[in-house]
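Novice: here is a sequence with its predicted model. Questions after.
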Amino acid sequence: MPPRTDGVFRGLTDTRLPMPWIEALRLQQDGQTVGSSETSGEERDLTPKKMTDSYHRVVLPLGQDPWLSDTYINSSGHIRLGTIFMDLDALSGIIVYKHTGGGVTTVTAGVDRIELAHPLTEICDLEYSGMVTYAAGGSSAEITCKVARARGEGEPSRPEDLLLTCTFTMVALDPLTRKPTPIPRLVCETPAQEALFQAGAAKAMAQRAERKTSLLEVEPDDEESALIHRIWLRQIEYHDPHRPLRQPPNVLAMAKTQLSTAAIMQPQYRNRHQTMIFGGYHLKQTFELAFCCAASFAHARPTFVSADPCTFRSPVPVGSVLYLTATVVYTDPAVVEEDDASGGGDGSRDNSPPLTRVHVRVDSKVREMEHGTARVTGQFHYTFTVPKDVRVLPNTYEEYMRYIDARRRMRAGGKRPPAARDNQEGVNLTE
């Protein structure tokens, strides 16, 4: 059994690292293809699979093992959500190989929207579970994972035990050509399974439609253009010496919200194919930087609300340098609200305690150690709430486009007021 070197729960690492790094490095130095021996030369079986064939469950005994909780609990006693993300990516890797069998290399291609269903009220054992819920016979599979409070042995989880649900998209590649290769399609046995499958198909179609309406493809619509103009007029008013309105102290320029990091990608965080960094680690790094960015912006402790769908565009090689830049790109209430006619951003909404939703975008790119051309590896979007009235102000055209994109994302995520989440008592998953 490999040691737990990267923060992933040991129960999820049994098959993740087939050999120590020093052995993989020697193979690389000898010119051999690392990881090909475990996948090449096997006869592919594309017989359709059932959802239950890939089902996997493991219990994370945080309540029973205080030493284990050291990896998952932060300084304030909250569970580190980024570490949970790492575990879920490892879980999805186990599940997808149950579905595909050998003969392929699988990589994490994306993560769907993540929202908390019910907050934890105490540190307890958690149950990780999941299975492939969509595979149409192409090269990709959708794995739905759940985190819930673990009940006693043989006792199923209840709806109120559910902490979160998330969906990973995994893509199968030929281990030699590195090109997409087909995997078994799913066979549904019950109406519930058919509903899950159809939801996956609908999601794939919706993603294709969204790409066609992206700001990279089409200009802002009339409503968005009018909003951009109102914000621009507000900026002019802030700096006009002949007008009384000045930029309030709770309004901060978008450019001043940025936080950046650079880190060498060490082999302890590699995936099972040895040469690339584990997607869950990448996700954890972006989440924790977004948390810090929101805290720096608001001067208050953020509470996680949701993570928008994200795509891993390029792999991150072991030994490369990963650059992350987090920026607050939208706040709700906004600096100029839709119904604002009297000077938004002054904090005079009502007598209730202030609460602001903060949307943070994290841009990720990677360079080899020799620092040649940078490659974009992904773009990640997280929403938090903070107990402050703070607002972000775009200035350049690029910042306006980021602002509009984040506004679209927040609206697509639903209009449930943030206070509905934060009035619930208990431990919030925040860091």
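Specialist: Happy to help now that I have it.

Novice: return the set of buried residues in stretch 397-413.
Specialist: 399-410, 413 (16 or more other CB atoms under 10 Å). (Glycine included, C-beta is placed from N, CA and C.)

Novice: quick one: least confident helix or strand in this protein?
Specialist: Across the helices and strands of the chain, mean confidence by mean pLDDT, DSSP states H and E is lowest for helix 419-422: a mean of 40.

Novice: how does the protein divide into domains?
Specialist: In terms of domains, the chain is parsed into 10-211, 220-422 (source: automatic domain parsing).

Novice: longest helix in this protein, please.
Specialist: Taking DSSP state H as the criterion, the chain has its longest helix at helix 191-212.

Novice: gap between the helix or strand harbouring Gln379 and the chain center?
Specialist: Taking DSSP states H and E as the definition, Gln379 sits inside strand 375-386. Relative to the centre of its chain, strand 375-386 is centred 7 Å away, using CA atoms, centre = their mean, to the nearest Å.

Novice: again with stretch 94-106
Specialist: 22 Å.

Novice: and stretch 212-229, by the same measure?
Specialist: 25 Å.

Novice: buried ones in it?
Specialist: Pro220, Glu224, Leu227, Ile228.

Novice: most widely separated two among those residues?
Specialist: Pro220 and Leu227 (8.3 Å; CB to CB).

Novice: was I right to think Glu189 contacts Lys49?
Specialist: No - applying CB atoms under 8 Å as the test, Glu189 and Lys49 come out as separate, 11.1 Å apart.

Novice: residue boundaries of the strands in the stretch 201-350 of the chain?
Specialist: 251-253, 259-264, 303-307, 310-311, 321-332 (DSSP state E, counting those that start in this stretch).

Novice: I'd like those strands as a markdown table, with distance to Ala148, mean pLDDT and mean neighbour count appended.
Specialist: As requested, those are exported to a markdown table (distance: least, CB to CB, whole Å; pLDDT from 0 to 100; neighbours: other CB atoms under 10 Å):
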| stretch | distance to Ala148 | mean pLDDT | mean neighbour count |
| --- | --- | --- | --- |
| strand 251-253 | 38 | 95 | 17 |
| strand 259-264 | 32 | 96 | 13 |
| strand 303-307 | 17 | 92 | 23 |
| strand 310-311 | 23 | 91 | 18 |
| strand 321-332 | 29 | 97 | 23 |
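
Novice: can you redo those strands as a markdown table with distance to Gly280?
Specialist: A markdown table is the format used below for the strands of the stretch 201-350 of the chain (distance: least, CB to CB, whole Å):
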| stretch | distance to Gly280 |
| --- | --- |
| strand 251-253 | 32 |
| strand 259-264 | 15 |
| strand 303-307 | 13 |
| strand 310-311 | 13 |
| strand 321-332 | 14 |
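
Novice: of all these, which lies closest to Thr383?
Specialist: Proximity to Thr383 (CB to CB) singles out strand 303-307 among those, at 4.4 Å.

Novice: residues in contact with stretch 209-229?
Specialist: Val336, Glu338, Tyr400, Met401, Ile404, Asp405, Arg407 (CB atoms under 8 Å, 6 or more residues apart in numbering).

Novice: which residues of the stretch 151-300 of the chain score low on pLDDT?
Specialist: Applying pLDDT under 70 to the stretch 151-300 of the chain flags no residue at all.

Novice: can you give me the helices for the stretch 251-400 of the chain?
Specialist: For the stretch 251-400 of the chain, the helices defined by DSSP state H, counting those that start in this stretch cover 279-298, 397-412.

Novice: quick one: which of the ones you listed is nearest Val107?
Specialist: Shortest distance between Val107 and the helices of the stretch 251-400 of the chain, using CB to CB, is found for helix 279-298: 7.3 Å.

Novice: now distance to Leu196 too, for the helices of the stretch 251-400 of the chain, in JSON lines please.
Specialist: Formatted as JSON lines, the helices of the stretch 251-400 of the chain follow (distance: least, CB to CB, whole Å):
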{"stretch": "helix 279-298", "distance to Leu196": "23"}
{"stretch": "helix 397-412", "distance to Leu196": "21"}
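
Novice: before we move on, the earlier item: more neighbours, Glu189 and Lys49?
Specialist: Using other CB atoms under 10 Å as the criterion, Glu189 and Lys49 rank with Lys49 on top: 21 against 11.

Novice: quick check, that one in contact with Tyr97.
Specialist: No - using CB under 8 Å, Lys49 is not in contact with Tyr97; the gap is 11.8 Å.

Novice: quick one: neighbours of Ile236, just the number.
Specialist: Ile236: 9 surrounding residues under other CB under 10 Å.

Novice: distance-wise, check it relative to Pro249.
Specialist: Relative to Pro249, Ile236 is positioned 19 Å away (CB to CB, to the nearest Å).

Novice: do Phe278 as well
Specialist: For Phe278, the distance to Pro249 - CB to CB - is 42 Å.

Novice: neighbour count: those two, which is higher?
Specialist: More crowded of Phe278 and Pro249, by other CB under 10 Å: Phe278, with 27 against 9.

Novice: my read: the more buried one touches Met86, true?
Specialist: Yes - with contact defined as CB under 8 Å, Phe278 reaches Met86; the gap is 7.4 Å.
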